[in-house]
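A.B. asks: for reference, the sequence and a predicted model appear below.
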Amino acid sequence: MFTRFRQKPATAMAAILGVALMASAAPAAAKDKPKKEEAGKGTDVPVSKGFSPAVKKMYEASTAKDAAALQAAIAEAQAANPTEAGDRYWLGHYRLQLGILTKDTAAQAQGLDEVLATGVAPAEMLGVYNFYSGNFAYGAKDYAKAVQRLEAAKAAGSKEPSLSLLLVDSYINNNQVDQGVALAKEAIEASRAAGQRPSEELYVRPAKALQAAKRTNELLDILTLRVRDFPQPAIWRNTLYILLQQAGGDKDMNLDILRLMRATNAMTERGEYLEYAALATEAGYPGEVVAVVEHGIAAKVFTDKDERFATILEAQKNRAASDRAGLLADASKPPATPKAARATADALVGIGEYAKAIPLYQGVAASDPVAQYRLGVAQALAGQKDAAVASFAKVTGDRARLAQLWTINVQSPAAAPAAAPAPAPATN
């Protein structure tokens, strides 16, 4: 399910801005040319001589945490109609402090706007000021302003953990989906490069927007990144379910998708096993039918008392037993045609004989894109990870996405174990 993350709470802002700024010293009166070392200090924004008494009153009330006195001092300073940038900066600064003191977010937002509008806010505070201004704009659903402020915070070097999430969501809510998706991908890769696991929301919010816009291929791009970083069965299921919808009536493709669902333990519904069994039956893979039904029983999706599956097993077990010996014999002979080679290899994979299927696929993979893809699958299930990755890299066409997902599964530390082979049927 797609969920929405929360904006930065005002209490967090108070913790950062309140402590950092309320403890600052009162500004000095303006000098003709402030010293260079003073220009870089957050407390040395100049104030005019005439406005200095008003700033002193605001400072003293703020330091005493006397909200009523601070409000009166701000009103008095406002009535003076300050025009100098430094004067307006300190008026905005203390309005911000009043908002923090009274937990008035509207006053905090106004104070930040006033501080930023002066153009003289200390460079080292621009990231903080712009981030929280953007945070308030986001909360007010003013997404255009949120984008502007949050981009400015990013440019100023803000390290706020939620900056990327807020900015991505602001772009998307401002109908700038492309920018939001691009930023999400950038933030994902930046987190990975830093050795951190990206926030899952960086995938979820763009995915929701792309889904709403019916941009399925781009949706699958972001979901592929998500399953790479969050390779849990439920996330595999969400991604592969969309692929199933996209495949439509292509039975051969649906069967390949269901095979990956099985390999990643992403099959959780009885109907999926019924569909898989029906497709494998129709394709002539009785051993695979038996294997998938027994997989569903082992996974406790249904029981061995399920009448429908009991009927399927009864019909397919005898056929699988009679086919098995012939398949193993065929695997040791030169195939009559490329089509026969792939068909035999497919059936061998269905009964868990991956190693025997691999050379058959290799013999026809260069001219058969489906065989190239299934070669990688057989190698993956056989535990030949490096060979599988190399084979999947050569896949083109309609199975390229599946090859990419199989590669992720093979390389994932949390990769599901290979699908268990079908047991050899008992013979009399």
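C.D. replies: Okay, I see it.
A.B. asks: domain assignment for the chain?
C.D. replies: 1-121, 231-411 (automatic domain parsing).
A.B. asks: tell me which of the ones you listed is the most buried.
C.D. replies: Stretch with highest mean neighbour count among the domains of the chain: domain 231-411 (a mean of 19; mean count of other CB atoms under 10 Å). Heads up, the C-betas are built off the backbone N, CA and C, glycines and all.
A.B. asks: kindly check the end-to-end length of that domain for me.
C.D. replies: Domain 231-411 has an end-to-end distance of 10 Å (CA to CA, to the nearest Å).
A.B. asks: just stretch 340-358 next, same as before
C.D. replies: One end of stretch 340-358 to the other measures 14 Å (CA to CA).
A.B. asks: so can I have JSON lines of the domains of the chain showing distance to S158 and mean pLDDT?
C.D. replies: Below are those laid out as JSON lines (distance: least, CB to CB, whole Å; pLDDT from 0 to 100):
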{"stretch": "domain 1-121", "distance to S158": "11", "mean pLDDT": "74"}
{"stretch": "domain 231-411", "distance to S158": "30", "mean pLDDT": "94"}
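A.B. asks: so which strand or helix has the most centrally placed residue in the chain?
C.D. replies: For the chain, Y203 is the residue whose C-alpha lies nearest the centre (CA atoms, centre = their mean; 2.3 Å). Element membership of Y203, judged by DSSP states H and E, is helix 201-212.
A.B. asks: mind listing what's buried in whatever helix or strand comes next after that helix?
C.D. replies: Toward the C-terminus, helix 201-212 is succeeded by helix 216-229 as the next helix or strand (DSSP H and E). For helix 216-229, a neighbour-count test (16 or more other CB atoms under 10 Å) marks E218, L219, L220, D221, I222, L223, T224, L225, R226, V227, R228, D229 as buried.
A.B. asks: what sits against the first one?
C.D. replies: Looking back up the chat, that one is E218. V181, L210 (CB atoms under 8 Å, 6 or more residues apart in numbering).
A.B. asks: other SSEs contacting the helix holding Y203?
C.D. replies: Packing partners of helix 201-212 (3 or more CB pairs under 8 Å, 6 or more residues apart in numbering; DSSP states H and E): helix 163-173, helix 177-193, helix 216-229.
A.B. asks: hmm, who's touching it?
C.D. replies: So helix 201-212 is contacted by 2-5, 164-165, 168-169, 172, 177, 180-181, 184, 187-188, 191, 216, 218-219, 222-223, 225-226, 229-230 (CB under 8 Å, 6+ apart).
A.B. asks: how about a cut-off of 7 Å?
C.D. replies: Contact with helix 201-212 is made by 2-3, 5, 164-165, 168-169, 172, 177, 180-181, 184, 187-188, 218-219, 222-223, 225-226, as judged by CB atoms under 7 Å, 6 or more residues apart in numbering.
A.B. asks: what average pLDDT does that helix get?
C.D. replies: Per-residue pLDDT over helix 201-212 has a mean of 95.
A.B. asks: quick one: it to helix 177-193, angle?
C.D. replies: Relative orientation of helix 201-212 versus helix 177-193 (axes from the mean of the first three to the mean of the last three CA atoms, to 10 degrees): 150 degrees.
A.B. asks: what's the distance between N175 and A153?
C.D. replies: Remark: distance between N175 and A153 (CB to CB, to the nearest Å) = 21 Å.
A.B. asks: neighbour count winner among those two?
C.D. replies: A153 (25 against 12; other CB atoms under 10 Å).
A.B. asks: am I right that G50 falls within a strand?
C.D. replies: No: according to DSSP: H, G, I helix; E, B strand; the rest coil, G50 belongs to no strand; its state is coil.
A.B. asks: list phi and psi for it.
C.D. replies: phi -70, psi -30 (degrees, to the nearest 10).
A.B. asks: distance of the nearest residue to it once chain neighbours are set aside from G99?
C.D. replies: The spatially closest residue to G50, leaving aside those adjacent along the chain, is A80, at 7.9 Å (CB to CB, 6 or more residues apart in numbering). Remark: distance between A80 and G99 (CB to CB) = 20 Å.
A.B. asks: check R149 too.
C.D. replies: Separation of R149 from G99 (CB to CB): 16 Å.
A.B. asks: ok, residues contacting stretch 347-356?
C.D. replies: So stretch 347-356 is contacted by 280, 285, 287-288, 291, 324, 327, 331, 357, 374, 377-378, 381-382, 421-422 (CB under 7 Å, 6+ apart).
A.B. asks: please put the alpha-carbon coordinates of that stretch into CSV.
C.D. replies: What follows is stretch 347-356, C-alpha atoms only, in CSV (Å, rounded to 0.1, in the frame of the first residue of the first chain):
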residue,chain,number,x,y,z
ALA,A,347,10.8,-29.3,-19.2
LEU,A,348,14.0,-30.2,-17.5
VAL,A,349,13.9,-26.9,-15.5
GLY,A,350,10.3,-27.8,-14.6
ILE,A,351,11.5,-31.0,-12.9
GLY,A,352,14.5,-29.3,-11.2
GLU,A,353,17.2,-30.7,-13.6
TYR,A,354,18.8,-27.2,-14.1
ALA,A,355,22.3,-28.4,-14.8
LYS,A,356,21.0,-30.7,-17.6
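A.B. asks: next one: it to chain centre, how far?
C.D. replies: Stretch 347-356 sits 35 Å away from the centroid of its parent chain (CA atoms, centre = their mean, to the nearest Å).
A.B. asks: which elements pack onto the one helix or strand W236 maps to?
C.D. replies: Applying DSSP H and E as the criterion places W236 in helix 233-247. With contacts defined as 3 or more CB pairs under 7 Å, 6 or more residues apart in numbering; DSSP states H and E, helix 233-247 has these neighbours: helix 216-229, helix 251-263.
A.B. asks: okay if I get those helices as TSV plus distance to E60?
C.D. replies: Below are these laid out as TSV (distance: least, CB to CB, whole Å):
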stretch	distance to E60
helix 216-229	52
helix 251-263	68
